[in-house]
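K.L.:
Here's a sequence, model it:
(one chain, ligands or ions: 1)
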Amino acid sequence: MNPSPAVAVTGLTVRHRRTVALDRLDLSLGPGVHGLLGPNGAGKTSLIRVLATVAAPSSGRVELLGGDVASHRDRTGVRRRLGYLPQDFGYYPSFTVREFVAYVAWLKELPADRVPAAVERAVERVGLADRIDARMKTLSGGMVRRAGIAQAIVNEPDLLLLDEPTAGLDPEQRVDFRELLRELGREATVVVSTHLVEDVAAACTDVALIEAGRLAFQGATDELTALGGESGAPDDSTTHAVERGYTAALRAHRASDVRTSGAHPKEALR
Ligand SMILES: Nc1ncnc2c1ncn2[C@@H]1O[C@H](COP(=O)(O)OP(=O)(O)OP(=O)(O)O)[C@@H](O)[C@H]1O
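P.N.:
Modelled structure (predicted):
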């Protein structure tokens, strides 16, 4: 039996006072690691916050893991199966990493007897095992971020939402994190908002590109890369190719008259 996609969004509009952050967005995401790309202010964080059920849509329908988030009962069930790393997250500075991650496990209603092992596994997966009993206030910025990723995966979520997870990580940690992302994507639907095209090139199976609250491109990472064509430069790398694809997709989206014609943005690329 094929269940519904982990994320099924239709006509999603999010307004912040007079700003339209998301404009009647339709988006469907299945298994894999989805890179959420777009220029500053495109609406990525607004989308992730709605998917994380911490912000309500102004209008539209949001179904997550087969549940309708407008329903209190479905929302509660979905939250247990969600993992979320916000762009900025709060924590008690005097908590240890173990206590911080265990606290989130408790919020997710993980059975108490499973919490200690789940916490240790999550902390180990982000490479923080040697600091598990350190207080949060003694960690570096990158380590706090890794603790944040640990809390997001402690319940082994079916839908994992990461807003700028690699911000503040050093290069070695970013490489390790991308490996972890690929691993997580085999078990769950992972959505990663990032500005780093190299994260996408290295770890994402698919890309959703948002501009001005609309979907400018959705497809496999290879499809985005192909849009950029060949550069002919001898030092061309995968990252450069994805960057060219990103730019080509944005330009095609801007050139197309999708708002008035109602054509699907991806069609405009063909
Ligand atoms: N709390 C808020 N109040 C008013 N406007 C907001 C608020 N949050 C976001 N916006 C506006 O909504 C739009 C989308 O913002 P959002 O943070 O979702 O974009 P983003 O793609 O995540 O941007 P960035 O890449 O810079 O993080 C922007 O125009 C932003 O200024």
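
K.L.:
Only C-alpha atoms from now on, for both contacts and neighbour counts.
P.N.:
OK.

K.L.:
Buried residues of the lengthiest helix in the chain, list them for me.
P.N.:
Scanning the chain for the longest helix, with DSSP state H as the assignment, gives helix 238-255. Neighbour counts over helix 238-255 (16 or more other C-alpha atoms under 10 Å) mark 239-250, 252-253 as buried.

K.L.:
again with stretch 80-94
P.N.:
80-87.

K.L.:
repeat for stretch 109-127
P.N.:
110, 115, 118-123, 125-127.

K.L.:
Could I get the average pLDDT for it?
P.N.:
Averaging pLDDT along stretch 109-127 yields 96.

K.L.:
likewise stretch 188-201?
P.N.:
90.

K.L.:
Among the buried residues of stretch 109-127, pick out the one closest to residue 225, please.
P.N.:
residue 126 (29.0 Å; C-alpha to C-alpha).

K.L.:
got the buried residues of helix 238-255 as CSV, with pLDDT and distance to residue 176 columns?
P.N.:
Conversion of these to CSV gives the following (pLDDT from 0 to 100; distance: C-alpha to C-alpha, whole Å):
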residue, pLDDT, distance to residue 176
239, 72, 17
240, 81, 21
241, 83, 22
242, 85, 21
243, 87, 22
244, 89, 25
245, 89, 25
246, 90, 24
247, 90, 27
248, 90, 30
249, 90, 29
250, 90, 30
252, 89, 34
253, 89, 34
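
K.L.:
which among the buried residues of stretch 80-94 are in contact with the ligand?
P.N.:
Among the buried residues of stretch 80-94, proximity to the ligand is found for none (C-alpha under 6 Å from any ligand atom).

K.L.:
residue boundaries of the strands in the stretch 151-270 of the chain?
P.N.:
159-163, 189-193, 206-211, 214-220 (DSSP state E, counting those that start in this stretch).

K.L.:
In three-state terms, how would residue 105 be classified?
P.N.:
State at residue 105, reduced to three classes by DSSP: H, G, I helix; E, B strand; the rest coil: helix.

K.L.:
related to what we said a few turns ago, angle of the longest helix of the chain against strand 214-220?
P.N.:
Orientation check (axes from the mean of the first three to the mean of the last three C-alpha atoms, to 10 degrees): helix 238-255 against strand 214-220 gives 140 degrees.
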